[in-house]
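**Q** Following is a predicted model, sequence given first.
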Amino acid sequence: MPRFTTAPIEEVVPKRKQRHPSQRAQIQREYRDALQNAVNRQDQALVVELEPSDKPLTVRNRIKRAAKSLELNDITIRRRRDRIVAYLPVPEGEQ
């Protein structure tokens with residue numbers, strides 16, 4: 001025959017797991033923060049050093065997505081060998 005007992009609800013209810021952002025969201029935040037830090041400093045460019053496993057087009061698209069979320073429509077992105085450089089162009093009168 002089964003035995004019946006009582007227990008406090010806190011002990012028997014499953015603990016809720018803390019939700020962590022997905023890997024995609026973490027990567028997007030990392031790119032956005034890096035781009036924002038570079039843009040906030042005048043005359044600074046974001047330089048992304050590519051590793052052999054990195055796909056240049058993927059990195060470029062991530063930078064473009066970060067720029068779009070920061071409303072940086074005039075950003076310039078260039079690939080130079082094993083790195084990608086993103087910067088805001090200097091206005092004509094300030095050179």
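**A** Nice, thanks for sending it over. Nothing here was measured: the structure is a model prediction, and the numbers come from that model.
**Q** For the rest of this, base every contact and every neighbour count on C-alpha atoms.
**A** OK.
**Q** what are the ranges of the strands in the protein?
**A** Taking DSSP state E as the test, the strands found in the chain are 46-49, 76-80, 83-87.
**Q** OK, contacts around Ala45?
**A** 38-39, 85-88 (Cα atoms under 8 Å, 6 or more residues apart in numbering).
**Q** Could you measure from the residue nearest to it when sequence neighbours are not counted over to Arg80?
**A** Leaving out its chain neighbours, the residue that sits closest to Ala45 by Cα to Cα, 6 or more residues apart in numbering is Tyr87, at 4.6 Å. Tyr87 sits 13 Å away from Arg80, taking Cα to Cα, to the nearest Å as the criterion.
**Q** show me what contacts Ser53?
**A** Ser53 neighbours (Cα under 8 Å, 6+ apart): none.
**Q** Retrieve the pLDDT associated with it.
**A** On the pLDDT scale, Ser53 is placed at 95.
**Q** and what of the one 4 residues further on?
**A** Leu57 carries a pLDDT score of 95 in this model.
**Q** tell me how far the lowest-mean-pLDDT helix or strand in the chain is from the chain's mean position?
**A** Within the chain, no helix or strand scores below helix 9-12, which has a mean of 84 by mean pLDDT, DSSP states H and E. Taking the mean of its C-alpha atoms, helix 9-12 sits 38 Å from the chain's own mean (Cα atoms, centre = their mean, to the nearest Å).
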